[in-house]
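Asker: what shape does this take:
(2 chains)
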Protein chains: 2
Amino acid sequence: MAIKNAEATWKGTLKEGAGSMKLGSAGGDMPFTWASRFADEHKTNPEELMGAAHAGCFSMFLSAQLGKAGFPPTTIHTTAHVHLTDGPTISKIELNCEALVPGIDQAKFDELVAFSKAGCPVSKALAAVGEIVLHTTLKN
Amino acid sequence: MAIKNAEATWKGTLKEGAGSMKLGSAGGDMPFTWASRFADEHKTNPEELMGAAHAGCFSMFLSAQLGKAGFPPTTIHTTAHVHLTDGPTISKIELNCEALVPGIDQAKFDELVAFSKAGCPVSKALAAVGEIVLHTTLKN
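Answerer: Numbers count the residues shown, from 1 in each chain, chains lettered A, B, ... in the order given. Here you go, the predicted structure:
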């Protein structure tokens, strides 16, 4: 169906070295380091890329389900918080979703949210993550 | 240990609508669409973000293992190809890694590669993906 590409380079050791990641579709190198991953250095890291992928995939998939059910959404906005704990292990992903969906009732919305949480491609790929928590708010 | 953040928005229906993803550490919105995900429109998509995360995490983790074993690497470069097939499902991730690691022999390198493929945080999170294939080249 589709093959999407990316790449990464790491030079040197874990703590003194540095890396960069690059998307197939876009130009720039995205530098990352030990400190941007395990501490608070203000650069990117694999976890926030996974969080963006999960938030993006869930939002798009939920839009598809809502549209199929006759309730095309105005806006779906999802934040992701990816927890990297000792191991190191990605132990938890929290998603918080706010949606504006004209005409839908809470029960139907909740049903389509649950289907999307379990069934979007990135959720399925991340099924081995210990805890995936989703909170939703229907803003209508 | 660390919590990393990202977000995404989708507006409108699946095929006529459009989305954007945003990383916690970096400024810009990254627009995506149905066509950039399931066809060849030249914008980003969740799959290439996951590919970059996997390539970056594997490269960094392998560097850590090599360093611990007394063989700090000069360069590790990994490409990722993420397959999105009917379902839609992320059915396969191919990683191709070229490494320049002074002094190491092939057997020790292969041992640390296998450990890193199974044990890096993103590989563990993606354990539910049907097929993860890794090819490596030791360029020494």
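Asker: just want the most central residue of chain A.
Answerer: A:His54 (2.2 Å; Cα atoms, centre = their mean).
Asker: once you drop chain neighbours, what's closest to it?
Answerer: Excluding its sequence neighbours, the residue lying closest to A:His54 (Cβ to Cβ, 6 or more residues apart in numbering or on different chains) is A:Val122, at 4.7 Å. In short, each C-beta sits where N, CA and C put it, glycine included.
Asker: swap in A:Ala39?
Answerer: B:Ala2 (6.9 Å).
Asker: about what we covered before: you'd agree the residue nearest to A:His54 is in a strand?
Answerer: No: counting by DSSP: H, G, I helix; E, B strand; the rest coil, A:Val122 falls outside a strand, being helix.
Asker: so how many other residues sit close to it?
Answerer: For A:Val122, the neighbour count with other Cβ atoms under 10 Å in any protein chain shown is 24.
Asker: ok so, going back, my guess is the residue nearest to A:Ala39 contacts A:Phe38. True?
Answerer: Yes: using Cβ atoms under 8 Å, B:Ala2 is in contact with A:Phe38, at 5.5 Å.
Asker: between the biggest helix by length in chain A and helix B:46-68, how big is the angle?
Answerer: In chain A, with assignment by DSSP state H, the single longest helix is helix A:46-68. Here helix A:46-68 points in a direction 160 degrees away from that of helix B:46-68 (axes from the mean of the first three to the mean of the last three Cα atoms, to 10 degrees).
Asker: which pLDDT value does the model give the nearest residue to A:Met1 once chain neighbours are set aside?
Answerer: Distance criterion Cβ to Cβ, 6+ apart; nearest residue to A:Met1, sequence neighbours excluded, is B:Thr85 at 4.9 Å. With respect to pLDDT, B:Thr85 scores 96.
Asker: how is chain A divided into domains?
Answerer: According to automatic domain parsing, chain A comprises the domains A:6-38, A:46-139.
Asker: dump those domains to JSON lines, plus distance to B:Asn96.
Answerer: Formatted as JSON lines, these follow (distance: least, Cβ to Cβ, whole Å):
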{"stretch": "domain A:6-38", "distance to B:Asn96": "9"}
{"stretch": "domain A:46-139", "distance to B:Asn96": "18"}
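Asker: tell me which of these lies nearest to B:His81.
Answerer: domain A:6-38 (8.4 Å; Cβ to Cβ).
Asker: which parts of the closest one are buried?
Answerer: Within domain A:6-38, the residues that count as buried by 16 or more other Cβ atoms under 10 Å in any protein chain shown are A:6-14, A:17-25, A:30, A:32-34, A:36-38.
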